[in-house]
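**Student:** Requesting a structural model of the entry that follows:
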Amino acid sequence: MALSRYGRWPWPRPGDLGAALQLDSSTLFPLLERLEVNGLVLRERRAADERSVAVRLAEAGVDLRTKARTVPLAIGDAMNLTSEQEATAKHLLRLIAANVTRG
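**Tutor:** You can find the predicted model right below:
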């Protein structure tokens, strides 16, 4: 899901993806390896800087992203919140994430 936030190009570097997901490299890299082994992502050297790697969705990952688009709506429906309650919940979750990130 996180990779679907990026357009086609430029693909994110693993470090950028980890920052967006708030994951450190010891958590992110095994996850990327599993996704790659399962054919969902590809890690490729960047042409401009071969020391740098980009991560992108493989075809199976694109297919899975398409199927997963209904998940957020289904979760929202299952919570059965009013729009005011939903706004309050989003605000609180953002506040919690910001507080945890600050440490």
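**Student:** hey, let's count contacts and neighbours off CA atoms from now on
**Tutor:** Fine.
**Student:** any idea where the strands of the protein begin and end?
**Tutor:** Listed in chain order, the strands of the chain (DSSP state E) span 41-45, 53-57.
**Student:** Given the first one, what are its sheet partners and their directions?
**Tutor:** Taking DSSP bridges as the criterion, strand 41-45 forms sheet pairs with strand 53-57 (antiparallel).
**Student:** ok, residues contacting the strand it pairs with?
**Tutor:** Residues lying outside strand 53-57 but in contact with it, judged by C-alpha atoms under 8 Å, 6 or more residues apart in numbering, are 3-4, 11-14, 40-46.
**Student:** Just the buried ones from the residues you listed?
**Tutor:** Neighbour-count burial within the contacts of strand 53-57 applies to 3, 11, 12, 13, 14, 40, 41, 42, 43; the criterion is 16 or more other C-alpha atoms under 10 Å.
**Student:** out of these, what pair is the most spread apart?
**Tutor:** The largest separation in the buried ones among the contacts of strand 53-57, counting by C-alpha to C-alpha, is between 13 and 40 at 16.1 Å.
**Student:** I figured residue 35 was touching residue 41, is that so?
**Tutor:** Yes - counting by C-alpha atoms under 8 Å, residue 35 sits close enough to residue 41 to count as a contact (5.7 Å).
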